[in-house]
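**Q** Sequence and predicted structure below; questions after.
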2 protein chains.
Amino acid sequence: MITSKQNTKVKLVQSLQSSSRTRKSENKFVIEGIRLAEEAIASNWKTDFVLYTDEISQRGKSLLSKYENRGVLSTLVSTKLMRLMSDTETPQGLLVVLVWQSMPLPEPMDFIMVADRIRDPGNLGTIIRTADAAGVQAVITTPGTVDFLSPKVIRAGMGSHFHIPVLSKDYKQLESLSKSLNFYLASVNEGFPYTDNNFQLPTAIVIGNEAEGASQEIIHLADKKIQIPCLEKVNL
Amino acid sequence: MITSKQNTKVKLVQSLQSSSRTRKSENKFVIEGIRLAEEAIASNWKTDFVLYTDEISQRGKSLLSKYENRGVLSTLVSTKLMRLMSDTETPQGLLVVLVWQSMPLPEPMDFIMVADRIRDPGNLGTIIRTADAAGVQAVITTPGTVDFLSPKVIRAGMGSHFHIPVLSKDYKQLESLSKSLNFYLASVNEGFPYTDNNFQLPTAIVIGNEAEGASQEIIHLADKKIQIPCLEKVNL
């Protein structure tokens, strides 16, 4: 059982949890809890290692043996260390380090979502989850959007990171994408009500910053504004 | 393409969407949208048939061919008929009739949730989804709880119906279960804060009716009350 804060795995997890730079340089990220770990294994996601405590539930135990059957190393850690590493208040006693694999944009594309300068991790996670539920093909984040692999985004995404491609692109790349996609700017206050809009495929819906809206670069690319009165109430 | 309201499949779907009795007698239920249909196929769920419109997206089309590869019959219907059958305001152009297969209670049990007399479909769906996310093994509904296969429960459950066993039990069956499980009554107002409670496994957490709390039958079985100040804010 690992009990030392100085353990290499413990230090890696702590750094992955707190630093977007470490996630990029290591190309790894952390998921917590049984549900997400089940999703990851169901998606055959590439796994680095598993850490667990002896307080793990039966459902967690059977998941652990699935990981072990696939040759993934799992190591027992003390409850105290798990609390130190966890981003949640009530850790479920299971934490997995995964290797990030960027999925390509789907071919042909007809419906994607762009998250522009979204700062709140919970909001970005909800956008990814909603996009997934609404049948969107991919989510693209722009510069200035919070890292989509940060713990709170992963948690709010509820496993959707494993279902649809999530990619970050700069404005130059988006400009070249805009040649084959109609960009619609979602706005709370102005534009056509989205239910009345006759979407012309292929479509990219842009969700702008919570306070300031979309960036000038994106507004420049947008073909049309549509109004989504309250995104939270969109009927899935 | 089906265009008639009198078509047998159309009539079956409408009845399954609106009548809990039909769902029970036919042992079938309806899911809508691409995401849920993906979950169902990923879980190898037994499928009766698929209905779709020609407005379906690329992601929907590739899903359709997966269903067809498994020998499931899919039939084109008019947009107007889809709107008639759909329980949502903005149908995604895909609807699947599934055969309900009750999963058994897990062995050994250490952590289940009981939804007692929950009337609101959205609340029950959220309980099922939260239970799944929190690593709970199964959700049991009691008499007086809304049918967990109703369209709004399925939608709010966001696919968790395919991940954890959901079963309905009467109070007699719960009484016999209570011999091997510690029943904790979740309460918003009284009892120990749940974070301070030292759960003794195996545990059943009971969530009572929104307005009136749990039923007398369950209160009678409960070993202890615990306080969950605001379920919505439980940190997953």
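**A** Noted; the coordinates are in hand.

**Q** Read off the pLDDT value for A:E38.
**A** A:E38 carries a pLDDT score of 95 in this model.

**Q** ok, for it, nearest residue in space, not its chain neighbours?
**A** Nearest residue to A:E38, sequence neighbours excluded (CB to CB, 6 or more residues apart in numbering or on different chains): A:L63, at 6.0 Å. In this view, the C-beta of every residue, glycine as well, is placed from N, C-alpha and C.

**Q** One more: A:L16?
**A** With CB to CB, 6+ apart as the criterion, A:L16 has its nearest non-adjacent residue at 5.0 Å, and that residue is A:V30.

**Q** Can you verify my assumption that that neighbour contacts A:V96?
**A** Yes: contact criterion CB atoms under 8 Å: A:V30 and A:V96 qualify, at 7.2 Å.

**Q** Got the domain ranges for chain A?
**A** Chain A breaks down into these domains under automatic domain parsing: A:8-99, A:111-227.

**Q** hey, least reliable of these by pLDDT?
**A** The stretch with the lowest mean pLDDT among the domains of chain A is domain A:111-227, at a mean of 86.

**Q** before we move on, the earlier item: what about the residue nearest to A:E38, helix or strand, and which?
**A** A:L63 is part of helix A:58-69, with elements assigned from DSSP states H and E.

**Q** swap in A:F29?
**A** With DSSP H and E as criterion, A:F29 is part of strand A:28-32.

**Q** And that strand, how far out from the chain middle?
**A** Centre-to-centre, strand A:28-32 and its host chain are 11 Å apart (CA atoms, centre = their mean, to the nearest Å).

**Q** Can you give me the buried ones in stretch A:27-39?
**A** If you call a residue buried by 16 or more other CB atoms under 10 Å in any protein chain shown, then stretch A:27-39 has these buried ones: A:K28, A:F29, A:V30, A:I31, A:E32, A:G33, A:I34, A:R35, A:L36, A:A37, A:E38, A:E39.

**Q** thinking again about what came up before, direction included, what does the strand holding A:F29 pair up with?
**A** With DSSP bridges as the criterion, the sheet partners recorded for strand A:28-32 are strand A:94-99 (antiparallel).

**Q** Give me every residue in chain A lying close to chain B.
**A** Contact residues of chain A with respect to chain B, defined by CB under 8 Å from any CB of the partner chain, are listed as A:33-35, A:38, A:42, A:57-60, A:88-90, A:92, A:94, A:106, A:108-111, A:132-137, A:155, A:158, A:163, A:195, A:201, A:234-236.

**Q** and if we set it to 6 Å?
**A** Taking CB under 6 Å from any CB of the partner chain as the contact definition, chain A meets chain B at A:34-35, A:57-59, A:88-90, A:92, A:108, A:110-111, A:132-133, A:135, A:137, A:235.

**Q** Make a ChimeraX selection of whichever of those residues turn out to be buried.
**A** Here is the ChimeraX command that selects the buried residues among these (16+ other CB under 10 Å):
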select /A:34,35,57,58,59,92,110,111,132,133,135,137
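
**Q** Helices of chain A, start to end?
**A** Per DSSP state H, chain A has helices spanning A:8-18, A:20-26, A:34-42, A:58-69, A:79-85, A:121-133, A:151-157, A:171-177, A:216-221. These are given in chain order.

**Q** Tell me which of these lies nearest to B:P143.
**A** Each of the helices of chain A was scored for nearness to B:P143 using CB to CB, and the closest is helix A:58-69 (26.5 Å).

**Q** so the closest residue to A:K224 other than its chain neighbours bridges to which residues?
**A** Take A:K224 and drop its neighbours on the chain: the residue closest to it by CB to CB, 6+ apart is A:Y184, 5.3 Å away. Note on A:Y184: beta-bridge partners by DSSP bridges are A:I205, A:K224.
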